[in-house]
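Asker: here is a sequence together with a model predicted from it:
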Amino acid sequence: MRVVPISLPTPFYIGPVNVYLIAEDPLTIIDTGPKTKEAIDALRAGLRKEGFLVSDLRRIILTHAHEDHCGLARSLRDEAKNAEVFVHNWETGHRHSRLEYEVHLNLLVRAGVPEDEIEKMRGLYDRMRKYADSFGDDEFTALWDEAELEFESGSLRILHTPGHTPGSCSFLREADRTIIAGDCVLKRITPNPVLSPDPLDPSRRFPSLAEYMVSLSRLRAFAPTLVYGGHGEPIRDYEELFHRYFRAFQERQAQVIGLVPKNGATAWDVALEMFPRADDVHRFLSVSEAVAHLDMAYSEGKISYELNGPTEVYKQIA
Ligand SMILES: [Zn+2]
Ligand SMILES: [Zn+2]
């Protein structure tokens, strides 16, 4: 099975995104790049180099529904008539870039984000929306954990690896223990467990960090020889990266617990302490990170919390 990485430009801070062409029947692309002219041009060039056109694509598979990964899904599908689009059912919160704003609003209020900051984040959602088309719920085929995607020369096993987002999926080629992991595994940065509603009960938060750690451990159990991430170069030493991630999580966990005072702080307060200079999308990501770690510390009995109106206030355990 020939996996061809194609790097596409994005207008985002993270830089280029990797999409992966499975260059055999049925011709498949894993992730698409954002909906920009630069990305589609680069994708066409990448396909052409391998002797293919967009119209040859039969399957469009999404590791998750962030704009840099799913933005072109609809355009590609329409150009490649009858191509099938796959995404995990739990990718509801982000799917088709339709960030369910009202649900997120509720999560941000609970995290103690002030109104004017929430307004700025709303602006951010609106700006992001143009980088991806929306899809109807019936325009996707669901990815199921442990199911196999068959190809001419073998198959890819779908692994549901939630954490970065609830519906994030990775794809395992068992023959040589190669994994295509989207943003679940990135070489140079520890990926974010992004604040998301729980797909099974949107009034709750998805326990992203706990799920993330389970997913990383699950990938480790396959002893991967090569992991292709959503950004940056492929990872040949997953074991080392795994330990690095866990160390980083533990350090952050200790830092977050240390920032929770006796008289209480919100996730927003903690985020400001951790990243005082974060702005724009980083503001949102820093709140995400604070919430993820506070949730985890609370679930492990290391801090307590109480509600102050709609807002959660965390406290040191006396
Ligand atoms: Zn992502
Ligand atoms: Zn990404």
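Answerer: Looks like it came in fine. Ligands and ions are numbered 1, 2, ... in the order given.
Asker: how about the residues of this protein near ligand 1?
Answerer: Residues of the chain lying close to ligand 1 (C-beta under 5 Å from the ion) are 66, 183. Every C-beta, even on glycine, is put in place using the N, C-alpha and C of the backbone.
Asker: could you pull out the helices for the chain?
Answerer: 37-49, 67-70, 73-79, 101-110, 115-129, 208-220, 238-259, 267-274, 281-299 (DSSP state H).
Asker: deepest of those helices, which one?
Answerer: helix 67-70 (a mean of 28; mean count of other C-beta atoms under 10 Å).
Asker: re the thing from before, which one of the helices of the chain lies nearest to ligand 2?
Answerer: Each of the helices of the chain has some distance to ligand 2 by C-beta to the ion; the shortest is helix 67-70, at 4.6 Å.
Asker: tell me which parts of this protein are close to ligand 2?
Answerer: Where the chain comes near ligand 2, counting by C-beta under 5 Å from the ion, the residues are 68, 183, 230.
Asker: make CSV out of the helices of the chain and add mean pLDDT.
Answerer: What follows is the helices of the chain, written out as CSV (pLDDT from 0 to 100):
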stretch, mean pLDDT
helix 37-49, 98
helix 67-70, 93
helix 73-79, 95
helix 101-110, 83
helix 115-129, 86
helix 208-220, 96
helix 238-259, 95
helix 267-274, 96
helix 281-299, 92
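Asker: got those helices as TSV, with distance to residue 25 columns?
Answerer: Putting the helices of the chain into TSV (distance: least, C-beta to C-beta, whole Å) gives the following:
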stretch	distance to residue 25
helix 37-49	15
helix 67-70	24
helix 73-79	18
helix 101-110	40
helix 115-129	35
helix 208-220	27
helix 238-259	29
helix 267-274	48
helix 281-299	39
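Asker: which residues touch stretch 36-55?
Answerer: With C-beta atoms under 8 Å, 6 or more residues apart in numbering as the test, stretch 36-55 has contacts from 4, 6-11, 17, 19, 21, 23, 27, 32-33, 56, 71-72, 75-76, 79-81, 131.
Asker: filter those down to the buried ones.
Answerer: Those of these that meet the buried threshold are 6-10, 17, 19, 21, 23, 27, 32-33, 71-72, 75-76, 80, 131, by 16 or more other C-beta atoms under 10 Å.
Asker: looking at these, which are in strands?
Answerer: Using DSSP state E, the members of those that fall in strands are 6, 7, 8, 17, 19, 21.
Asker: can you name the residues that contact the nearest residue to the fourth one once chain neighbours are set aside?
Answerer: Once its chain neighbours are removed from consideration, residue 17 has its nearest residue in residue 68; the separation is 4.5 Å (C-beta to C-beta, 6 or more residues apart in numbering). For residue 68, the contact set (C-beta under 8 Å, 6+ apart) comprises 10, 12, 14, 17, 33, 34, 131, 230.
Asker: name the residue of the stretch 1-150 of the chain that lies nearest to ligand 1.
Answerer: Closest approach between the stretch 1-150 of the chain and ligand 1, counting by C-beta to the ion: residue 66, at 3.5 Å.
Asker: right, and that residue touches residue 167 too?
Answerer: No - checked against C-beta atoms under 8 Å, the pair residue 66 and residue 167 is beyond contact range at 10.8 Å.
Asker: export only the CA atoms of stretch 151-159, formatted as CSV.
Answerer: The C-alpha coordinates for stretch 151-159 follow below in CSV (Å, rounded to 0.1, in the frame of the first residue of the first chain):
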residue,chain,number,x,y,z
PHE,A,151,-8.0,-1.5,-0.5
GLU,A,152,-6.7,-3.5,-3.5
SER,A,153,-3.6,-4.6,-1.6
GLY,A,154,-4.7,-4.7,2.0
SER,A,155,-6.7,-2.7,4.5
LEU,A,156,-6.5,0.1,7.0
ARG,A,157,-8.1,-0.4,10.4
ILE,A,158,-10.1,2.5,11.8
LEU,A,159,-9.1,3.4,15.4
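Asker: for it, buried residues please.
Answerer: Buried residues in stretch 151-159, counted by 16+ other C-beta under 10 Å: 151, 155, 156, 157, 158, 159.
Asker: got these as TSV, with distance to residue 112 and pLDDT columns?
Answerer: Formatted as TSV, the buried residues of stretch 151-159 follow (distance: C-beta to C-beta, whole Å; pLDDT from 0 to 100):
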residue	distance to residue 112	pLDDT
151	48	97
155	47	97
156	42	98
157	41	98
158	37	98
159	35	98
